[in-house]
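Novice: give me a 3D structure for the following:
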Amino acid sequence: MALFKNIFSGKNKESLDKGLEKTKTSVFSKLAKAVAGKSTVDAEVLDNLEEVLVTSDVGVNTTLKIIERIEERVSGEKYFGTDELNKILKEEIAGLLAENETTDNKVLIPETKTPYVIMVVGVNGVGKTTTIGKLAHRFKSEGKSVVLGAADTFRAAAVDQLVIWSERVGVPIVKQAMGSDPASVAFDTLQSAVSQNADVVIIDTAGRLHNKVNLMNELTKIKRVMQKVIPDAPHEVMLVLDGSTGQNAVEQARQFTKATEVSSLTITKLDGTAKGGVVIGISDEFKIPVKYIGVGEAMEDLQVFDKMEFVDSFFKTN
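Specialist: Next up is the predicted model:
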């Protein structure tokens with residue numbers, strides 16, 4: 001597939017290749033077993049392939065789409081060899097993801113929105129605070145001024161961690177006392193950002209799923225209060241998911257998308273897991289742009305998600 005030929009290079013691609021190494025090794029090991037002793041792609045091979053994809057956390061619905069596409073391709077070719085299966089699979093996954101492509105994740109910060117307000121949601125432990133810190137670093141390195149808002153006021157560690165990140169990156173933070181009203185923190189943050197002519201505001205929110213009604217009420221209140229300062233805020237609601245939890249991340253996406261209007265996804269911790277296939281399933285199922293993926297500990301290892309680069313690394317054989 002010419003689409004992939006010689007278009008990726010540089011340190012980021014190396015990090016992506018390394019970050020997906022465990023997933024790739026697991027998938028190729030399973031694929032080898034799926035076609036063992038077979039010379040053509042028959043019904044048994046397709047059944048085995050379906051199991052490979054499901055157990056690699058691609059997800060049932062997305063897996064069925066991929067299998068159907070491969071069935072269509074091989075049905076007219078009696079002697080389609082198993083040695084071509086990797087190539088076909090790569091092309092069909094790339095094609096599926098390309099169909100779900102939107103322009104939303106190509107423009108990270110629209111210049112027409114100043115300040116651009118990102119409200120970050122997600123359960124505790126998914127890497128939400130780290131993601132916020134790395135995003136602040138990315139935007140600052142691009143010459144943008146950033147203000148952080150510590151609106152996860154129910155957990156002291158969350159505020160403390162965000163303060164550490166603000167100091168590390170060198171950006172201002174707005175916070176209040178433990179237990180303060182999160183909406184009040186968001187209000188103060190936006191007022192401060194407007195007075196400073198900031199380019200970007202990133203608001204952390206409570207990392208508790210509790211129940212959908214409480215979550216919805218809390219996030220709706222934060223939005224409503226922010227809109228008293230900036231009428232169309234937040235411009236983006238980013239859900240952070242831990243890729244290493246596989247299908248648990250999918251379930252969290254379901255719960256949060258029911259509770260609030262999520263407009264972008266960040267999937268973290270892909271470097272420490274063999275469950276990287278979850279990115280394919282989440283991207284396909286929710287039709288919400290995956291904007292960033294985490295493939296390591298370094299600041300630069302929070303990467304802008306490029307579907308073609310991802311598939312290229314996923315299937316890289318050398």
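Novice: is Phe305 in contact with Ile293, as I believe?
Specialist: Yes - Phe305 lies in contact with Ile293 (Cβ atoms under 8 Å); the separation is 4.9 Å. Where C-beta positions appear, they are placed from N, C-alpha and C, glycine not excepted.
Novice: which neighbours do the two have in common?
Specialist: Here Phe305 and Ile293 have 267, 279 as joint contacts, going by Cβ atoms under 8 Å, 6 or more residues apart in numbering.
Novice: ok, these two, which is more surrounded?
Specialist: Ranked by neighbour count (other Cβ atoms under 10 Å), Phe305 and Ile293 place Ile293 first, with 26 against 19.
Novice: so the more buried one is in which element?
Specialist: strand 290-294 (DSSP states H and E).
Novice: what about Val27, how many neighbours?
Specialist: Based on other Cβ under 10 Å, the number of other residues close to Val27 is 23.
Novice: so who does it touch?
Specialist: Counted by Cβ under 8 Å, 6+ apart, Val27 has contacts 52, 56, 274, 277, 314.
Novice: quick one: the strand holding Ile293 to chain centroid distance?
Specialist: What separates the centre of strand 290-294 from the centre of its chain is 4 Å, taken as Cα atoms, centre = their mean, to the nearest Å.
Novice: just the CA trace of whichever helix or strand Ala253 is part of, in PDB.
Specialist: Following DSSP H and E, the helix or strand that holds Ala253 is helix 247-259. Taking Å, rounded to 0.1, in the frame of the first residue of the first chain, the C-alpha atoms of helix 247-259 are listed here in PDB:
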ATOM      1  CA  GLN A 247     -12.000  -2.900  27.300                       C
ATOM      2  CA  ASN A 248     -12.400  -1.100  30.700                       C
ATOM      3  CA  ALA A 249     -11.300   2.000  28.700                       C
ATOM      4  CA  VAL A 250     -14.100   1.400  26.200                       C
ATOM      5  CA  GLU A 251     -16.600   1.200  29.000                       C
ATOM      6  CA  GLN A 252     -15.300   4.400  30.600                       C
ATOM      7  CA  ALA A 253     -15.700   6.100  27.200                       C
ATOM      8  CA  ARG A 254     -19.300   4.800  27.100                       C
ATOM      9  CA  GLN A 255     -20.100   6.200  30.500                       C
ATOM     10  CA  PHE A 256     -18.500   9.600  30.000                       C
ATOM     11  CA  THR A 257     -20.000  10.100  26.500                       C
ATOM     12  CA  LYS A 258     -23.400   9.500  28.000                       C
ATOM     13  CA  ALA A 259     -22.700  12.000  30.900                       C
END
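Novice: list the strands paired with whichever helix or strand comes after it, with their directions.
Specialist: Next helix or strand after helix 247-259 toward the C-terminus (DSSP H and E): strand 264-268. Strand pairing for strand 264-268, determined by DSSP bridges: strand 236-242 (parallel), strand 290-294 (parallel).
Novice: quick check, Thr245 in contact with Lys275.
Specialist: Yes - the pair Thr245 / Lys275 is scored as a contact, 7.5 Å apart, by Cβ under 8 Å.
Novice: the two: which is more packed in?
Specialist: Neighbour totals were compared for Thr245 and Lys275, and Lys275 leads with 24 against 19 (other Cβ under 10 Å).
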